[in-house]
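>>> this one's structure only:
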């Protein structure tokens, strides 16, 4: 099932994507409420998907599927080609940073390029959304804790990222975590470690890889994170970006107002954002 958060003119609500249309669930609450009650709600949602009134997607605004996750964590240096272009060694341990929850952005909403922080870069990523929460989750059981997957762009301001040892500020600007266009539930993604992934800037392919090249796979990521903290329904995990970032190009090429960045993942869809200038 593909689940979205959308606005048809009366505020955010949850919906089910059916072909090129959307069916409102009619359920109260947010996507996190739906995820938290998934086992109970799934039969009802199946009925709604079959018989509910459909609305054309071009008549609604798709929002970030999880608008206010409790936590956003992202792993760095997790594709070999990205490690090489970053001129760093393959990490022995997983390298994690947080993105502020206020950085969440809709799948087609503008992304800001601040005038005082213009070194903005793209990082297309597979995003995992936590379903069943828990602590000390083993890698062997991690798949059962994933609700679903979506496309993400770990937008990064490189100057702010690298001027201190801590990356989180450079990763947390407003609008710098677009996700979507919807969540594809895990049962429809037989192998999340075999998905083609691309990023295009103004139609030019910049990143082109496959999730089979992850250094630490998703199950290892969940095991590691859950040793430190309790994962909760709706938490968002950015699983790493492949090579091809703008900062590694010759010459270095950062995003500028007017650019359009499209991130695509096989079987999950695509998100696309225009870059806009802000003071």
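That came in fine, so what should we check first? Note that this is a predicted model, so its numbers are computed, not measured.

>>> ok, and the closest non-adjacent residue to residue 54?
residue 21 (4.0 Å; C-beta to C-beta, 6 or more residues apart in numbering). Every residue, glycine included, has its C-beta placed from N, CA and C.

>>> residues in contact with that neighbour?
In this structure, residue 21 makes contact with 54, 55, 56, 57, judged by C-beta atoms under 8 Å, 6 or more residues apart in numbering.

>>> what's the longest helix in the chain?
helix 38-51 (DSSP state H).

>>> coming back round to it: distance of the residue nearest to residue 54 relative to residue 10?
The gap separating residue 21 from residue 10 is 18 Å, by C-beta to C-beta, to the nearest Å.

>>> how about residues contacting the longest helix of the chain?
If you take C-beta under 8 Å, 6+ apart as the criterion, helix 38-51 is touched by 1, 16, 18, 23, 25, 26, 27, 34, 131, 147.

>>> and with 7 Å instead?
1, 16, 18, 23, 25, 34, 131, 147 (C-beta atoms under 7 Å, 6 or more residues apart in numbering).

>>> circling back to that earlier point, so what pairs up with the residue nearest to residue 54 in the strands?
Beta-bridge partners recorded for residue 21 (DSSP bridges): residue 18, residue 56.

>>> in the stretch 151-279 of the chain, what residue spans correspond to strands?
156-157, 177-185, 196-201, 204-210, 236-238, 260-265, 269-278 (DSSP state E, counting those that start in this stretch).

>>> which one of these lies nearest to residue 71?
Smallest distance to residue 71 across the strands of the stretch 151-279 of the chain (C-beta to C-beta): 7.2 Å, for strand 236-238.

>>> pLDDT at the residue of the chain most remote from its centre, what is it?
Of all residues in the chain, residue 51 has its C-alpha farthest from the mean position, at 29.8 Å, by C-alpha atoms, centre = their mean. Note on residue 51: pLDDT of 96.

>>> also residue 81?
In this prediction, residue 81 carries a pLDDT score of 88.

>>> and residue 133, how many neighbours?
In terms of burial, residue 133 registers 17 neighbours under the definition other C-beta atoms under 10 Å.

>>> need phi/psi at it.
Here is the backbone geometry of residue 133 (degrees, to the nearest 10): phi -80, psi 180.

>>> ok, now which ones touch the closest residue to it other than its chain neighbours?
Counting by C-beta to C-beta, 6+ apart, residue 133 lies nearest to residue 232, which is 4.3 Å off, once chain neighbours are set aside. Residues near residue 232 by C-beta under 7 Å, 6+ apart: 70, 130, 133.

>>> change it to 8 Å
Under the criterion of C-beta under 8 Å, 6+ apart, the contact list for residue 232 reads 70, 71, 130, 133.
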